[in-house]
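**Q** sequence plus predicted model, see below.
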Amino acid sequence: VTEPLRSLEDTMAAVASVHAGIEIVDSRFSAGSSTVADSIADNQSAFSGLWSRRGHLLESTSLAEETCDFFVSGKLVASGHGAKILGNPLRALKDAINDALTRNLEIASGLAVFTGNLLGSAINVSPGDLVVARFSSLGEVSLGVVD
């Protein structure tokens, strides 16, 4: 992408595939003790991530209607909906791309982007937990938590 995206249709055209994913956050703050400004300064959402190998065509997936159930060691702990992300996660992607372009940052082909948390907040996990994110049309991803 080299030109600003003007519409959600432009944004859709820039997306090769969408995947189920889990964003892995890491912070020096304990749960509930940080403000939004702390989170941004800490860059806590930039630790890592996991996404499914199998991608889906955006044309066959409604990101605004996508749902996710999140399980920790077999227990459903949260559910979410794509519309929680600015009404449609494509808006978050469009804004992120346009912001990067205004800063003269390169948008590389094949770049993986997490558009936001369908659950609304991070979920605390502990070593030994098995985490599963089950999406309505994108499938599921899972990981074991280690120290």
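**A** Received, thanks. Residues are numbered from 1 along each chain as shown.
**Q** buried sites along stretch 130-143?
**A** Across stretch 130-143, burial judged by 16 or more other C-beta atoms under 10 Å covers V131, V132, A133, R134, F135, L138, V141. (Each C-beta comes from the backbone N, C-alpha and C, glycine too.)
**Q** tell me the two of those that are most distant?
**A** V131 and L138 (15.9 Å; C-beta to C-beta).
**Q** how about the residue sitting nearest the centre point of the chain: what's its closest non-neighbour residue?
**A** For the chain, the residue nearest the mean C-alpha position is F114 (3.3 Å; C-alpha atoms, centre = their mean). Distances taken as C-beta to C-beta, 6 or more residues apart in numbering place E23 nearest to F114, at 4.8 Å, with adjacent residues excluded.
**Q** just give me how far the one helix or strand the one you found maps to sits from the chain centre.
**A** Following DSSP states H and E, one finds E23 within strand 21-24. The chain centroid and the centroid of strand 21-24 are separated by 6 Å under C-alpha atoms, centre = their mean, to the nearest Å.
**Q** for burial, what's the neighbour tally of R103?
**A** 7 (other C-beta atoms under 10 Å).
**Q** and if you look at the one 5 residues further on?
**A** Burial of A108, expressed as a neighbour count using other C-beta under 10 Å, amounts to 7.
**Q** over to P89?
**A** Neighbour number of P89 under other C-beta under 10 Å is 22.
**Q** need phi/psi at it.
**A** Backbone geometry at P89, expressed as degrees, to the nearest 10, gives phi -60, psi -20.
**Q** and it, what does it touch?
**A** L63, A64, E66, G82, T115, G116 (C-beta atoms under 8 Å, 6 or more residues apart in numbering).
**Q** for it, which non-adjacent residue is spatially closest?
**A** With C-beta to C-beta, 6+ apart, the residue lying closest to P89 is T115, at 3.8 Å.
**Q** coming back round to it: what is the residue nearest to F114 paired to in the beta sheet?
**A** G49 (DSSP bridges).
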